[in-house]
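Enquirer: Okay, here's the prediction I keep looking at, along with the sequence it came from:
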Amino acid sequence: MKYEWKIIGINPVWISALLTGTFLIICETGGENLHWGYLGLEVIFPFYMAVVIGELCKIRTDPMFDVISAQGKSLFQWILRRFALLFCFVSIFAVIGIAGVTLLKSNISVFDLLLTFLPTAFFLSSISTFVSVLTSAPHIPTMITGVIWLFSIMSVSLLRFAPVQYIYLFVRFAGINSPLWIANKSLLLIIGLAIWAGIYMICKKRSWGK
Amino acid sequence: MNKLLSISKYEYKIQIKRIAGWILLLAVFISSMVDCLPTAANMARIEFLSDIHYYVRRVFSFDGLILLFGMMFLMAGRLVSDRKTGCRDLFMATPIGKGSYIGGKSLGNFLYVLTLMYSLLFAALVGFAFFSQTETSIMNYISAIFEVSIYIVIPASFFIVASSVMLPEIIDIRLFYLVYSILFLVNTFSSDTGTATPCYIFTHGDLAKLIWQHPKSPTIYAGSAAINLLFMLSVGMAAIVLVSTKRKFWRAD
């Protein structure tokens, strides 16, 4: 973990702090037309998590990957630790954001925002990690996650189809109420776990694509 | 000039061979066909799809935006990766100047983006020609291509290319991704209204309204459109100038 911190460096700390601070300022000054809590914690922070993991949770793009793959005790554990460290790191700033939003807007609960943030962030960052395992080209995990993210935002109209409501990434921001959003977030968690099962299988077989 | 063109040629060759760009184009094309083709089902949803000007504007306001967004990641760090892999040191050991290097990188990536954007445009127009129930003259096709090029494709491509190739050399690439992703996010939230739109709306702001105007919002804000265009061109130029004037970017001549 000590070496992982050295690899990550200081930049993500101030970028995350800048994002959280800017978000809270906009949340306070941005008016009531938008639900800032859901916009920040369901749309922006989960994508930021995916960017951080796509860019910093290097797997195939790590210059030492071949050595770790050939001689490491457990490749999966190495990936999982790297992922967990970055996930917790961004989550700390997200929790600060949640605390700030709940202080600024009295009608939102911490638990509600946590349930909104965690499954979405886990799903997007799991996709990022999965792509990092599949490709050795830099920036591709971030690109794929980014395109899924932007496409999801732009396709709110697809919510007119009932099945889409179960897998749509930003149901809370789109105004879908309970119990559907709970089913949606549970499904995102399950899909995220399935992606991790896929990562485990790939690591076990050591079957790297080109 | 020859050196600039040589660098841009090789940059273009490197980029055009990347399979990720073509997969992205295919995904965006499928999405645009499902959403925008003037089929009976889509026409029942959106009545203006038989108008070619509305059609191209819709394709580029939504699917073109996603394509540009994806390409931003493919071009970001082209200068940074040259520095990290030592390629720039090799360039600096030759008589190539800073201007040729920056110009070549920018031009190569700009041509790459235009290739993919125009591939999307022509594929979308072929789809329109096959599925449209109404007769559309050749002149209408030409004017639609011309207008979408002037008002969206060329300025937005320049903006994204200059920003994504240059800015990661100045700021942390994750900060760049974050800022530009929020900019794209803001663009997706903007809706077709009769009021003037801010300058950062670059694919369906007032500039894009010059291609097609909603009948319920007939006013065109020429000043707002000009500011949108100015925003894209000036941010792109500023990104190039920032890198050109950066100390230690190139050898001291």
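Expert: Happy to help now that I have it. In this text the structure is predicted, and so the values were computed from the model without any measurement.

Enquirer: Only C-alpha atoms from now on, for both contacts and neighbour counts.
Expert: Noted.

Enquirer: residues contacting residue B:60?
Expert: Contacts for residue B:60 were tallied using Cα atoms under 8 Å, 6 or more residues apart in numbering or on different chains; they are B:152-153, B:203.

Enquirer: Name the member of the residues you listed with the most neighbours.
Expert: When neighbours are taken as other Cα atoms under 10 Å in any protein chain shown, the top entry among those is residue B:203 (27 neighbours).

Enquirer: does that one count as helix, strand or coil?
Expert: With DSSP: H, G, I helix; E, B strand; the rest coil as the basis, residue B:203 sits in coil.

Enquirer: Ok, residue B:191 next?
Expert: coil.

Enquirer: Check residue A:177 too.
Expert: What three-state DSSP gives for residue A:177 is coil.

Enquirer: Does stretch A:118-128 reach chain B?
Expert: No. Using Cα under 8 Å from any Cα of the partner chain, stretch A:118-128 stays clear of chain B, with a minimum separation of 13.5 Å.

Enquirer: Could you export that stretch as CSV, CA atoms only?
Expert: What follows is stretch A:118-128, C-alpha atoms only, in CSV (Å, rounded to 0.1, in the frame of the first residue of the first chain):
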residue,chain,number,x,y,z
LEU,A,118,-21.7,3.6,-4.1
PRO,A,119,-23.4,1.1,-6.6
THR,A,120,-23.0,3.5,-9.5
ALA,A,121,-19.4,4.2,-8.7
PHE,A,122,-18.7,0.5,-8.2
PHE,A,123,-20.3,-0.4,-11.5
LEU,A,124,-18.5,2.2,-13.6
SER,A,125,-15.1,1.6,-11.9
SER,A,126,-15.5,-2.1,-12.3
ILE,A,127,-16.0,-1.7,-16.0
SER,A,128,-12.9,0.5,-16.0
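
Enquirer: residues making contact with that stretch?
Expert: Outside stretch A:118-128, the residues that touch it by Cα under 8 Å, 6+ apart are A:42, A:45-47, A:49-51, A:53-54, A:141-142, A:144-145, A:169-170, A:185-186, A:188-189, A:191-192, A:195-196.

Enquirer: Just give me the closest of the contacts of residue B:60 to chain A.
Expert: Nearest to chain A among the contacts of residue B:60 is residue B:203, at 13.3 Å by Cα to the nearest Cα.

Enquirer: Also near chain B: which of the contacts of stretch A:118-128, exactly?
Expert: Okay, of these touching chain B (Cα under 8 Å from any Cα), that's A:51, A:142, A:144.

Enquirer: so which of these is the most crowded?
Expert: Of those, residue A:142 is surrounded by the most neighbours, 30 neighbours in total, counting by other Cα under 10 Å.

Enquirer: For whichever residue of chain A sits closest to chain B, give me its contacts.
Expert: Nearest residue of chain A to chain B, counting by Cα to the nearest Cα: residue A:143, 5.5 Å away. Counting by Cα under 8 Å, 6+ apart, residue A:143 makes contact with B:70-71, B:73-74.

Enquirer: cutoff 7 Å now
Expert: B:70, B:73 (Cα atoms under 7 Å, 6 or more residues apart in numbering or on different chains).

Enquirer: do residue A:41 as well
Expert: Here residue A:41 is in contact with A:113, A:116-117 (Cα under 7 Å, 6+ apart).

Enquirer: Just the buried subset of the residues you listed, written out for PyMOL, thanks.
Expert: Here is the PyMOL command that selects the buried residues among those (16 or more other Cα atoms under 10 Å in any protein chain shown):
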select buried, chain A and resi 113+116+117
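
Enquirer: Arrange the contacts of residue A:41 in CSV, one row each, with secondary structure and pLDDT as further columns.
Expert: Putting the contacts of residue A:41 into CSV (DSSP: H, G, I helix; E, B strand; the rest coil; pLDDT from 0 to 100) gives the following:
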residue, secondary structure, pLDDT
A:113, helix, 91
A:116, helix, 92
A:117, helix, 94
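
Enquirer: Mind checking which residue lies nearest the centre of the chain?
Expert: Chain wasn't specified; assuming chain A. What sits nearest the mean C-alpha location of chain A, by Cα atoms, centre = their mean, is residue A:121, with 2.9 Å.

Enquirer: wait, I meant chain B there
Expert: Residue closest to the mean C-alpha point of chain B, counted by Cα atoms, centre = their mean, is residue B:157 at 2.7 Å.
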